[in-house]
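J.: Below is the sequence, then the predicted model.
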Amino acid sequence: MLKRVLCAAVIAGMPVIAGAQTIEDLKNDAATPDDVLTLGMGWDQTRYSPLEQINAKNVGRLVPVWNYSLGDNRGQEAQPIVHNGVMYVTTHDATHAIDVKTGKNLWVNKIEYPPETPRIVCCGIVNRGAAVLEGRLFRVTLDGNVIAISMETGEELWRSAAASIDDGYSMTLAPLVTPAAVITGVSGGEYGTRGFIDGWDPATGRHLWRKYVIPGPGEEGNETWPGDTWKHGGAPTWITGSYDPELNLVYWGTGNGGPWNAEFRKGDNLYITSTLAMRPETGEIVWHYQYSPNDPYDYDEVGENILTDMMIDGQNRKVMIHVGRNGFIYVLDRTNGELLRANQYVKHLNWADGIDMKTGRPIDSEITKKMRAGEEIVVWPGAFGGKNWFPASYSPKTGLVYSNTLEIGMGYKPVEPKLVKATFYVGIDLSKALFYVKEGEKHSYLRGIDPLTGKAKWEVGFDVANWSGTMATGGDLVFTGAQTGEFMAFDANTGDKLWQFQTGSGIIGQPVTYTIDGVQYITVASGIGGAYRNYFPLLGGVNAPEVVEKLTKVQPGGSFWTFALLK
Amino acid sequence: MRARWIRLTGIGATMLATTVFSLSAQAAGSAETGKELYNTYCVICHGPNMVNSGARAFDLRKFPLGDRARFIKSVKDGKKGRNEMPAWGDVLSAEEIDHLWAYTKTRGKM
């Protein structure tokens, strides 16, 4: 058997690199804090590290160790990968390898894409990170390719086309490596696309499978789309799923329906705004849960699905926590998709009167009924959602979910959509789509949320909305960044701000922590960009000129910062 | 000597007239059509009625109105650098870009 495996490895051309990261290493990522091998610091995407060398008592002594310039003015949303003392980071047009001890460049791999590409990328020219396996680094390109790069030399090993910008697709996510396949999804839900998820052979880039997440004619679920609407129905798959190796299920989220105006696609529109539990060998959907059937509000539910076990009603359950863009936080049984909890976590929400726990469906509010009849409304949360792409973390130590959350409403007037290639296919009057914030309140709040009730144990408000991921640690700390540049540490139990450092640009990245030779480090990207910076000044400026001023004063310029305790 | 000067002036005037004529012919785009095209292709970055803070995209209300050539080149080929912009030459015809130029000259006030 061993011989056969070795033969297969040789035939597939796998490099034999000492200490190469194996599937077993990826599986143990969360338990091995001396490296960061997966997006979310573990397949379960808790973004929790047990490290406690840096803790609530000594975090005041945290200082920068080095700063690495990316030579790039686009938004920096990538999570770094750390292995064997080398950090691998991505931007929209390059991959960099950095010596973690010195902060010096080891190699850089540049990517070209056509100058037409950004016109079909709505929400920031970004890349969200890489995946690794056995000496290969996998990433996507903005114009729709999946590529593998040698982690040792930075050379491109293979390149496979997944999608075409001519059809409105782009790619920004970090791939997911499972034992069966490297898995990727697509962006483009605003451009008349039809979402899908692909499986690739890690050694060769051979295409293994494709699952369209909007079923075609003859497939179950296609009847939830009138006529040909399924062809351009959206459901983009633009954020990385999580993976449970014991159940062998991948939990992947899907985005908004297209066009946003849902009267032009009457029906539930499977599988928009859903979590899909899939087999990594084939893409087969084992179960699904749809958060907002026939969603008109751009409530993509692509965000992280956090896997953990917890006591619910006296029973230890294998659960999946999802902080919904639609303003509700969900707890599902991840073995079968059973809805266990669904509670509002934002303060302002008017699109639904709650979730029917028997059917799992939201109850349309009077406001939503009016809008469906064609009236102009102000919906809360607006299209940014109660939370956007930026990942939350979960600490098993405190039992809290730490998430940047949004309290921003939006004007919404449905109009007839116009399908024009490479343009916004939304069907709302954009001149009426202004953002609103309640008088005397903040745009966003970092919240420590009880996943079973939706209630915040603590919250901290921010004038300019936070657009960064969070990370929780065993040192009772929560780290996150502000778009005005501050990288911050909060007490995980109280929300007290314990430390901050002003970086050179705005933070919209994903912090990580790891040890090198027994010393704990923390790394985050700085570099403003992303959807809020694109659209808030454009569509909300009149309502909050002072916030726009603060935001537009922040200068672009991507770099990575690494911190450690002052010796 | 004087007659020659007059003749040369005459040629100069004809040339000038031709230049003025061709300039106005080139700039004969319709601002109304331009606004429709703008609302299809440009609004999502440059903002409704061209109102934006300049953080995401160039504030078109500040575009130098004497520089039509630069406008056409930027739309056709896109721009690199701080005010990066995608290329539109494969989607928009020369005539359509003229309509957009006509609308740009209104500074969004129509």
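T.: Perfect, thanks for sending it.
J.: wait, what's in contact with A:Gln510?
T.: Taking C-beta atoms under 8 Å, 6 or more residues apart in numbering or on different chains, we find A:Gln510 in contact with A:47, A:77-79, A:128-129, A:390-391, A:468-469, A:471, A:524-525. All C-beta atoms are positioned from the backbone trio N, CA, C, and that covers glycine.
J.: shaky segments in the chain?
T.: No chain was given, so I picked chain A. By pLDDT under 70, the low-scoring segments of chain A are A:1-19.
J.: nope, chain B
T.: Looking at chain B by pLDDT under 70, you get B:1-27, B:82.
J.: Alongside chain A, which residues does chain B contribute?
T.: B:39-41, B:43-45, B:47-49, B:51-56, B:77-78, B:82, B:84-88, B:90-91 (C-beta under 8 Å from any C-beta of the partner chain).
J.: now the helices for the chain?
T.: No chain was given, so I picked chain A. Here chain A has its helices, by DSSP state H, at A:2-11, A:23-27, A:366-372, A:530-539, A:545-553.
J.: oops, I was thinking of chain B
T.: Assigned by DSSP H, the helices in chain B fall at B:2-26, B:31-37, B:43-46, B:68-77, B:94-104.
J.: Around chain B, which positions in chain A sit nearby?
T.: A:73, A:114-119, A:122, A:125, A:418, A:420-424, A:430-431, A:533-535, A:537-539, A:541, A:548, A:551-552, A:556.
J.: what about burial for those, which qualify?
T.: A:73, A:115-119, A:122, A:125, A:422-424, A:430, A:533-535, A:537-539, A:541, A:548, A:551-552, A:556 (16 or more other C-beta atoms under 10 Å in any protein chain shown).
J.: Name the nearest residue to the residue in the stretch 251-400 of chain A that chain B sits nearest to, ignoring sequence neighbours.
T.: Proximity of the stretch 251-400 of chain A to chain B (C-beta to the nearest C-beta) peaks at A:Ala383, 12.5 Å away. The shortest distance from A:Ala383 to any non-neighbouring residue, by C-beta to C-beta, 6 or more residues apart in numbering or on different chains, is to A:Asp298 (4.1 Å).
J.: show me what contacts the one you found?
T.: Counting by C-beta under 8 Å, 6+ apart, A:Asp298 has contacts A:256, A:260, A:383, A:385.
J.: Give me the distance between it and A:Thr494.
T.: 34 Å (C-beta to C-beta, to the nearest Å).
J.: pretty sure A:Tyr212 contacts A:Thr193?
T.: No - contact between A:Tyr212 and A:Thr193 fails when scored by C-beta atoms under 8 Å: they sit 10.6 Å apart.
J.: which of those two has more neighbours?
T.: Ranked by neighbour count (other C-beta atoms under 10 Å in any protein chain shown), A:Tyr212 and A:Thr193 place A:Thr193 first, with 26 against 17.
J.: Can you report how many residues lie near the residue lying closest to A:Asp201 once chain neighbours are set aside?
T.: Sequence neighbours aside, A:Leu208 is the residue nearest to A:Asp201 in space, at 5.8 Å (criterion: C-beta to C-beta, 6+ apart). Per other C-beta under 10 Å, the neighbour tally for A:Leu208 reads 17.
J.: got it, and A:Pro33?
T.: 19.
J.: cool, A:Glu246 as well?
T.: Neighbours of A:Glu246 (other C-beta under 10 Å): 8.
J.: wait, A:Leu142 sits on A:Ala94?
T.: No - A:Leu142 is not in contact with A:Ala94 according to C-beta under 8 Å; the separation is 11.5 Å.
J.: more neighbours, those two?
T.: Applying other C-beta under 10 Å to A:Leu142 and A:Ala94 shows that A:Leu142 carries more neighbours, namely 23 against 16.
J.: mind checking how far the more buried one is from chain B?
T.: Distance of A:Leu142 to chain B, given as C-beta to the nearest C-beta, to the nearest Å: 11 Å.
J.: list the contacts for that residue?
T.: Residues near A:Leu142 by C-beta under 8 Å, 6+ apart: A:92-93, A:113, A:117-118, A:121, A:125, A:127, A:170-172.
J.: again, only using 6 Å
T.: A:92, A:113, A:117, A:170 (C-beta atoms under 6 Å, 6 or more residues apart in numbering or on different chains).
J.: go on, A:Trp380?
T.: Counting by C-beta under 6 Å, 6+ apart, A:Trp380 has contacts A:348-350, A:409.
J.: Now with 8 Å, please.
T.: Contact analysis of A:Trp380 by C-beta under 8 Å, 6+ apart lists A:327, A:346, A:348-351, A:407, A:409.
J.: which of those tops the neighbour count?
T.: Top of the contacts of A:Trp380 by neighbour count (other C-beta under 10 Å): A:Gly327, with 28 neighbours.
J.: phi, psi of the closest residue in space to that one that isn't next to it in sequence?
T.: Distances taken as C-beta to C-beta, 6+ apart place A:Gly386 nearest to A:Gly327, at 3.8 Å, with adjacent residues excluded. Per-residue torsions, A:Gly386: phi -70, psi -20 (degrees, to the nearest 10).
J.: Surely A:Gly386 touches A:Asn343?
T.: No - if you go by C-beta under 8 Å, A:Gly386 and A:Asn343 don't touch, sitting 11.6 Å apart.
J.: what is in contact with the two at once?
T.: What both A:Gly386 and A:Asn343 touch, as defined by C-beta under 8 Å, 6+ apart, is the set A:Phe328.
J.: Look at these two and report which has more neighbours.
T.: Using other C-beta under 10 Å, the more surrounded residue of A:Gly386 and A:Asn343 is A:Gly386, with 27 against 18.
J.: how much space between the more buried one and A:Ser403?
T.: 9 Å.
J.: Common neighbours of those two, please.
T.: With C-beta under 8 Å, 6+ apart as the test, A:Gly386 and A:Ser403 both reach A:323, A:345.
J.: B:Ala69: neighbouring residues, count only.
T.: Neighbours of B:Ala69 under the rule other C-beta under 10 Å: 9.
J.: ok, it to chain A distance?
T.: Distance from B:Ala69 to chain A, by C-beta to the nearest C-beta: 19 Å.
J.: how far away is that residue from B:Val75?
T.: For B:Ala69, the distance to B:Val75 - C-beta to C-beta - is 11 Å.
J.: How about A:Ile449?
T.: In terms of C-beta to C-beta, A:Ile449 sits 46 Å off from B:Val75.
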